[in-house]
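Peer 1: need a structure here:
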Amino acid sequence: MQELKITENEAGQRLDKFLAKYMKKAPKSFFYKMLRKKNIVLNGKKAAGSEKLSSGDVVRLFLSQETIDQFSEEAPASKEKSLPGKRGDFRLGRGNIVYEDDHILLLNKPAGLLSQRADNKEWSMTEYVTDYLLTTGQLTKEELRTFRPSVCNRLDRNTSGLIAAGKSLAGLQELSRLFKDRTLKKYYLCLVSGRVEKSMRIRGWLQKDEKTNKVSIHAQKRGPKDLFIETEYRPVALYRDTTLLEVHLVTGRTHQIRAHLAGTGHPIVGDYKYGDRRQNDRWKRDWGLDSQLLHAYRLVFPDLSGPLSYLSGKTFEAPLPDLFSSILKEEGEK
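Peer 2: Next up, the predicted model:
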């Protein structure tokens, strides 16, 4: 017999959904058969599977360990090799955790890391978050079978800056909602080619080429899959032939800032996909720059009620990468 106590991260879902997460390989018919035979019970009583779970509920599985193992995906075996894929040199710690509480993590992602996993070969920020929670004892291997912490917003691999992750179900759901309804304001800093002397709010339609993973921006909608975009920016510092911009991402689409600014004639320095190769080669030669100088530096929370109400109106900022800061200093001294 195995006894499972429902936590806050598992509450609110149906019993059959919970069982499907716990034993991912089992067919639905297996659960309903076991429920009918009272081999699976909820709080000591027969259950149908449609019951909503509450924190503190107890699910008992009168099944052999062999049966449970047969239908389960193996839980992480150790802290060092807890998740599939290649783990890089990055580590979560004091230097890159901008804010942490019981529900959320705000992290300063370096350029070069994926926000969310594309395949099982390489760790993304989500795997680093999970590993951090396992290592610090904030999440157990058993809990990982029915709840997965996750990053809630995406930055391009070579864009640095603020990533928000949910540590609890409540945090995950609320962050996801805030990003989806765009009430959580996102601000970026970027260095662009040319001098930009006026603040602008620009709009357009984004068209994505799935084969090349590249987008194009148009003044009018051209196809049914085109997406409306809106980007706001203001100059922070003017240099001889570059400008530091603060960008407010009103909508959040693939490569939106990079393509939208390139469309105005001011591509981001270091952006080979949308910028000028000859200019970027010079930046690479002089500075070793191999990624665009685009940094998600500020998140502003709206007025909130509910589980994250204590974050109402709060602002969080992530410092610029050292190379970005050094380049800005040099540009200012020219």
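Peer 1: in stretch 155-167, what's buried?
Peer 2: Neighbour-count burial for stretch 155-167, counted by 16 or more other CB atoms under 10 Å, picks out 155-156, 158-167. For the C-beta atoms, the positions are set from N, CA and C on the backbone; glycine is no exception.
Peer 1: try stretch 123-138
Peer 2: 123-134.
Peer 1: Skipping its backbone neighbours, what lies nearest residue 5 in space?
Peer 2: Spatial nearest neighbour of residue 5, excluding adjacent residues (CB to CB, 6 or more residues apart in numbering): residue 58 at 5.5 Å.
Peer 1: That neighbour and residue 127, how far apart?
Peer 2: 31 Å (CB to CB, to the nearest Å).
Peer 1: again, but for residue 105
Peer 2: Residue 105 is 13 Å from residue 127, by CB to CB.
Peer 1: Repeat that for residue 73.
Peer 2: Taking CB to CB, one finds residue 73 at 15 Å from residue 127.
Peer 1: Show me where the stretch 1-150 of the chain has its strands.
Peer 2: Using DSSP state E, counting those that start in this stretch, the strands of the stretch 1-150 of the chain run over 2-5, 40-42, 45-46, 58-61, 97-100, 104-109, 150-151.
Peer 1: would you turn the ones you listed into CSV with mean neighbour count and distance to residue 198?
Peer 2: CSV is the format used below for the strands of the stretch 1-150 of the chain (neighbours: other CB atoms under 10 Å; distance: least, CB to CB, whole Å):
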stretch, mean neighbour count, distance to residue 198
strand 2-5, 12, 60
strand 40-42, 20, 63
strand 45-46, 10, 68
strand 58-61, 17, 61
strand 97-100, 15, 31
strand 104-109, 22, 30
strand 150-151, 22, 35
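Peer 1: how about CSV for these, with distance to residue 181 and mean pLDDT added?
Peer 2: As requested, these are exported to CSV (distance: least, CB to CB, whole Å; pLDDT from 0 to 100):
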stretch, distance to residue 181, mean pLDDT
strand 2-5, 34, 93
strand 40-42, 34, 97
strand 45-46, 39, 96
strand 58-61, 34, 96
strand 97-100, 21, 97
strand 104-109, 17, 98
strand 150-151, 18, 95
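Peer 1: ok, longest strand in the protein?
Peer 2: When the chain is parsed with DSSP state E, its longest strand is strand 227-238.
Peer 1: Strand partners (parallel or antiparallel) of the helix or strand just after that strand?
Peer 2: Once the chain leaves strand 227-238, the next helix or strand it forms, by DSSP states H and E, is strand 242-249. Under the criterion DSSP bridges, strand 242-249 sits next to strand 185-193 (antiparallel), strand 227-238 (antiparallel) in its sheet.
Peer 1: mind listing what's buried in the next helix or strand after the shortest one?
Peer 2: Counting by DSSP H and E, the element after strand 185-193 in chain order, helix or strand, is strand 200-209. Going by neighbour count (16+ other CB under 10 Å), the buried part of strand 200-209 is 204-208.
Peer 1: Only alpha carbons, please: show strand 200-209 as PDB.
Peer 2: Output of strand 200-209 as PDB, limited to C-alpha atoms (Å, rounded to 0.1, in the frame of the first residue of the first chain):
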ATOM      1  CA  MET A 200       8.300  56.100 -30.600                       C
ATOM      2  CA  ARG A 201       5.400  53.600 -30.400                       C
ATOM      3  CA  ILE A 202       5.400  51.500 -33.500                       C
ATOM      4  CA  ARG A 203       2.900  48.900 -34.700                       C
ATOM      5  CA  GLY A 204       2.900  46.300 -37.400                       C
ATOM      6  CA  TRP A 205       2.100  42.700 -38.400                       C
ATOM      7  CA  LEU A 206       4.600  39.900 -37.800                       C
ATOM      8  CA  GLN A 207       4.900  37.000 -40.200                       C
ATOM      9  CA  LYS A 208       7.000  34.000 -39.300                       C
ATOM     10  CA  ASP A 209       8.900  31.600 -41.600                       C
END
